[in-house]
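>>> Can you look at this prediction? I've put the sequence above it.
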Amino acid sequence: MIIMAGIIGTLAMTLFVELIARLSGKPFRVIRVLAEMLRFGRDLNRSQRRTLFVGATILHYAIGVSFAFCYRLAIDHDILGPTWKDALLFGAAAGLVGIAGWRLFFAIHPKPPEINLFQFLTVIWLGHLVFACGMFLHVRDWIGLFG
C-alpha cells in the first residue's frame with residue numbers, strides 16, 4: 001500500500017510540474033529534465049531516447065516511493081503524525097532534499113540543460129508539497145484515519 005501512496009504522490013507532483021511548465025512555457029518537465037541530464041550530452045537515436053525517458057520515469061517514481069516509505073517510517077516511529085500538517089511538513093522537507101539532489105546533479109553534470117535553476121527548483125519544492133498531499137490522501141486511508 002505504501003508503494004501506491006508513493007506512486008499517487010509522484011503522479012500528483014508530476015502533473016503539477018507539467019501544469020506549471022505548460023502555463024509558464026518553461027522547460028520544467030521534471031522527467032524530461034531528468035532524462036536530458038541522464039543522457040550526459042550523448043547523441044542518441046529515437047529508440048535510445050525513448051528507453052532513457054522510460055528509465056528516467058522509473059527513477060522518478062522510485063524516488064517518490066522511497067519518500068513515501070520514509071514518511072511511513074516517520075509515522076511509525078512517532079516522528080510525524082498522520083495529519084495534513086505533518087504531511088505538508090514532510091513534503092517541505094522532501095522538497096529540500098530534492099533541491100539538494102538537483103543542485104548537486106547540476107553542479108557535477110558536464111553539460112546540464114540551460115534552464116533557470118532557481119525557478120526550476122522553486123517549482124520542484126512546490127511540487128513536493130503537492131506530492132505530500134497526494135501521498136497523504138492514500139496513506140490516511142491505509143492507516144484507517146477515516147474508517
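Okay, I see it.
>>> Tell me which other helices or strands the helix with the most length in the chain touches.
Ranked by residue count under DSSP state H, the longest helix found in the chain is helix 46-76. If you count contacts as 3 or more CB pairs under 8 Å, 6 or more residues apart in numbering; DSSP states H and E, helix 46-76 packs onto helix 2-24, helix 30-39, helix 84-108, helix 117-142. (C-beta placed from N, C-alpha, C; glycine too.)
>>> which outside residues touch stretch 89-101?
Residues from elsewhere that reach stretch 89-101 (CB atoms under 8 Å, 6 or more residues apart in numbering): 67, 70-71, 74, 80, 121, 124-133, 135.
>>> picking up where we left off before, between the longest helix of the chain and helix 2-24, how big is the angle?
120 degrees (axes from the mean of the first three to the mean of the last three CA atoms, to 10 degrees).
>>> re earlier: let's have the helices and strands packed on helix 46-76 in TSV, adding mean neighbour count and distance to residue 48.
Below are the helices and strands packed on helix 46-76 laid out as TSV (neighbours: other CB atoms under 10 Å; distance: least, CB to CB, whole Å):
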stretch	mean neighbour count	distance to residue 48
helix 2-24	19	22
helix 30-39	19	9
helix 84-108	16	20
helix 117-142	20	25
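>>> May I see these organised as CSV, with mean pLDDT and distance to residue 60 added?
Putting the helices and strands packed on helix 46-76 into CSV (pLDDT from 0 to 100; distance: least, CB to CB, whole Å) gives the following:
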stretch, mean pLDDT, distance to residue 60
helix 2-24, 95, 6
helix 30-39, 93, 5
helix 84-108, 96, 11
helix 117-142, 90, 11
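>>> any chance of those in JSON lines, plus distance to residue 57?
Listed next are those as JSON lines, based on distance: least, CB to CB, whole Å:
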{"stretch": "helix 2-24", "distance to residue 57": "9"}
{"stretch": "helix 30-39", "distance to residue 57": "5"}
{"stretch": "helix 84-108", "distance to residue 57": "16"}
{"stretch": "helix 117-142", "distance to residue 57": "15"}
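>>> Which one, of these, ends up nearest to residue 56?
helix 30-39 (3.8 Å; CB to CB).
>>> got the contact list for the closest one?
13-14, 17, 27, 49, 52-53, 55-57, 59-60, 105-106, 109, 112-113, 115, 120, 124, 127.
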